[in-house]
Every structure is written in C-alpha cells, then in structure tokens.
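Engineer: model this:
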Amino acid sequence: MNYMYLYFTKRISNKFFSTTAILNKHFSPDNIFSPLNKVKFQECSNIDHRWTYNADHLMKIRQAAVLVPLCIVDPADYSLENVQIPLIPSSSILFIRRTKFLFRNSGDISFPGGIFEIDKDQSLKDTALRETLEEVGLNPDRIDLWSELNPFPSRDLKTLITPFVGFVSGGFINESQLKLCETEVEQAIFVPIRDLCNPNNIAHTQYKIAGKMTYSLPIYFVKPPKNNHNKFIDIKSKSLEDSKIRIWGLTAIILHHVLKILLPPSVYGYKIPLIPKIETITNI
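Structural biologist: Numbers count the residues shown, from 1 in each chain. Purely as a prediction, here's the structure:
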C-alpha cells in the first residue's frame, strides 16, 4: 500500500473541504443577507442627490428605476454546477431576460425595472416596485428594500437609472412563485452570487467615444443552474462559451457596485482595469 499517496490524498481532501467550508460561510444567506450588510447599503444611499419629480425636469431627461432582487434559492430545486457538497441554500440575485420583441434592450439580461410614470408613481421607489410586480409578479409586500443607490446615466445620456436593492423575504424563492409578463420578459434567471464572484466568470469590455478607447466596464459570463424539470434557464452566447449568459452594460455596472458593497475584497476583489487612450500616430 502506498502510504505516501494516502497521506497526500488526505491532506488534499482536508484542504478541499476546509476551503469549501470557508466559501460556504462567505456565501451563506445568513452572512450575505445579514442586518450588517443591510446597514452597509443604507449608509451608501445617496440621500443628498435624490431627484424631485416635476414636469419641467422630466421633459429634459427621463427617469427610470430598477430593482436588484437579492434572494435565497433552495438547492433542492436545482442541480447547481460547481457547488460542492454539502449544499447550502443558494444566495442569489434575480435577473430577467428581455423578450426579442422589445424596441430597446431586446434579449438582454437585466434587472426588473422601467421608466418613471408620473400618473402611476409617486417616487422612483414606486417605479422599481411597480415594474417588478408587472414584469415578474413579485408583490411589493415580499420585498424588503435595503437602499437606494446613486443613479447611473444611460449610454446615450437621455435616461437616468436609479437602482434599488431589496431582499425577497418569505423564505425560498423559485420559478413557480413568479408570473412573467410575456410581452416583456422571456425568462427569470436566478444566478448564485458565488458564481458572480468567480474570477473566471468576469472580464471587461472596452468602449469607444469618437473612435478612441476611453473606458472599460465589467462583463460577467455565468452558466445558471439547471432546475429539476430539465429546463435550462440560460441563453446561447457567442462570447467565451456557449450556453452562458452575458451580463454587461449598465446592468453589469450596477451589479459590480452591489457586489463591492455586499462582499469583502477577499471574496469579491475584481477591479475594473484602467485602459489608457490609444492615440493614432499618423506621422511616421
């Protein structure tokens, strides 16, 4: 018998389960959705720059709001890849995939949300909750709002989007509890937070203004879990690998900021690289 082999196998095994236990602790719902993290988000609220709503202002720039739904998914409902035994309830974020028939953002992965409607909403918080109810059927009574984050401008600078972070209370959540708006939402996608923090799933994309590279933004490639009814809740992507969803654009920016607040740098330490401007040399 090769005792040296058994010795190293035991050491590797102990190290593996020790690392798994540490990861499970970091990503456990008790840790991620703790009262302390809720306070951290509340401290990040941009109280001084909340917008007032009047006709003159709304004529200049459109207001919109999205909800970042933090939730707990029962591992018994899904066959989670790359999650080691023992399984724990999955700390996840709910995303939606827009239908292909929409004029804007068709087929994109995004958070529930939409445009502020002056005849329906008293505030942007109302917008986020109303749109979430309309798009995925989540009742506002189930959403414990944690924070209103700083608004982000759209790429064309015509819309200002305010993210709200909320925890979906009432225990585990699954697809059967949702009612999707068929004209706007094609899929609801629960993505484990641990997968969003995996460095192998994060890249960056470069944007140009006037033909010059000026800034870079994060982009996430993750393969959502397969549920026990053998329905894949993912989409085909031509980037990196097939059958992975691509989270990019404004949704990725908001996600990056949420993860930075939610987790310590030792768990989510991704930093957006600074890409220097590329000057074209013509006189050679």
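Engineer: Which helix or which strand is home to Ile219?
Structural biologist: strand 212-222 (DSSP states H and E).
Engineer: elements contacting that strand?
Structural biologist: Applying 3 or more C-beta pairs under 8 Å, 6 or more residues apart in numbering; DSSP states H and E, we find strand 212-222 packed against helix 193-196, strand 202-209, strand 245-247, helix 249-262. The C-beta positions use only the backbone N, C-alpha and C, and glycine is treated the same way.
Engineer: list the buried ones in the first one?
Structural biologist: Buried residues in helix 193-196, counting neighbours by 16 or more other C-beta atoms under 10 Å, are found at Ile193, Arg194, Asp195, Leu196.
Engineer: separation between Val185 and Leu178?
Structural biologist: 9 Å (C-beta to C-beta, to the nearest Å).
Engineer: neighbours of the residue nearest to His256 when sequence neighbours are not counted, just the number please.
Structural biologist: Computed as C-beta to C-beta, 6 or more residues apart in numbering, the closest residue to His256 that is not its neighbour in sequence is Pro218, at 4.8 Å. Counted with other C-beta atoms under 10 Å, residues neighbouring Pro218 total 21.
Engineer: Now for Pro218: which residues touch it?
Structural biologist: Ile202, Ala203, His204, Trp248, Ala252, Ile253, Leu255, His256, Tyr270, Ile272 (C-beta atoms under 8 Å, 6 or more residues apart in numbering).
Engineer: repeat for Glu184
Structural biologist: Arg98, Thr99, Leu102, Glu134, Glu135 are the contacts of Glu184 under C-beta under 8 Å, 6+ apart.
Engineer: for the stretch 101-250 of the chain, what spans make up the strands?
Structural biologist: Applying DSSP state E, counting those that start in this stretch to the stretch 101-250 of the chain gives strands spanning 109-110, 113-115, 143-148, 152-153, 159-168, 185-192, 202-209, 212-222, 226-227, 245-247.
Engineer: Quick one, which of those strands gets closest to Gln42.
Structural biologist: strand 143-148 (5.4 Å; C-beta to C-beta).
Engineer: Check which helices and strands that closest one sits against.
Structural biologist: Contact here means 3+ C-beta pairs under 8 Å, 6+ apart; on that basis strand 143-148 packs against helix 35-43, strand 62-73, helix 124-136, strand 159-168.
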